[in-house]
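> Quick one, what's the 3D model for this:
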Amino acid sequence: MAWARLGALSELEAGSGQRVELSDDEAVALIRTNDAVYALVDCCTHEDYPLSEGFVEDGKVECALHGSCFDLETGHPDIPPAVTPVRTFPVKVDGDDVLVDLPERWAELAEGR
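Modelled structure (predicted):
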């Protein structure tokens, strides 16, 4: 895993998500709450739909397509139709930089964007 800058804290609105495309097939959702920033694979595990488009509340993001809610820290869904967790990544904020600990290949893609 490697730390990669995926955005600026000042550009993230609390209570919403932002999609960061790394390639045609990979994207990360950056989700800011009042207390923290979270990063997860930007795809609902039930159906191919971006979680960055979801509703953020109480430490969860709700898939706007079918309503499953995923815990922002663990990625675990709370109700069907999703039953598989979404992958999450550690995040740290350094000044205004949002850094995410990504798999090496994804970090390389992030550097090239």
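> Pull the contacting residues for residue 80.
46, 68 (C-beta atoms under 8 Å, 6 or more residues apart in numbering). C-beta here means a position set from N, CA and C on the backbone, and glycine is covered the same way.
> where does it fall, phi/psi-wise?
phi -60, psi 160 (degrees, to the nearest 10).
> State the pLDDT value of the nearest residue to residue 9 once chain neighbours are set aside.
Leaving out its chain neighbours, the residue that sits closest to residue 9 by C-beta to C-beta, 6 or more residues apart in numbering is residue 96, at 5.1 Å. In this model, residue 96 is scored at 97, pLDDT.
> Against residue 53, how distant is residue 96?
Distance, residue 96 to residue 53, by C-beta to C-beta, to the nearest Å: 24 Å.
> Which residues are in contact with the nearest residue to residue 78 once chain neighbours are set aside?
Computed as C-beta to C-beta, 6+ apart, the closest residue to residue 78 that is not its neighbour in sequence is residue 69, at 4.7 Å. Contacts for residue 69 (C-beta under 8 Å, 6+ apart) come out as 60, 61, 62, 63, 77, 78, 79.
> ok, residue 27 touching residue 40?
No: applying C-beta atoms under 8 Å, one finds residue 27 not in contact with residue 40, separated by 10.2 Å.
> and the two? which has more neighbours close in?
residue 40 (26 against 17; other C-beta atoms under 10 Å).
> now the helices: where do they sit in the protein?
Taking DSSP state H, the helices of the chain run over residues 104-111.
> Name whatever forms a beta bridge with residue 92.
When assigned by DSSP bridges, residue 92 has beta-bridge partners residue 99.
> And it, how far from residue 38?
12 Å.
> Compare neighbour counts for the two and give me the winner.
Neighbour tally, residue 92 and residue 38, criterion other C-beta under 10 Å: the higher count belongs to residue 38, 23 against 11.
> Contact partners for the more buried one?
Per C-beta under 8 Å, 6+ apart, neighbours of residue 38: 30, 31, 32, 72, 73, 88, 91.
> Apply 10 Å and report the result again.
By C-beta atoms under 10 Å, 6 or more residues apart in numbering, the contact list for residue 38 reads 17, 29-32, 56, 59, 61, 70-73, 75, 88-91, 100.
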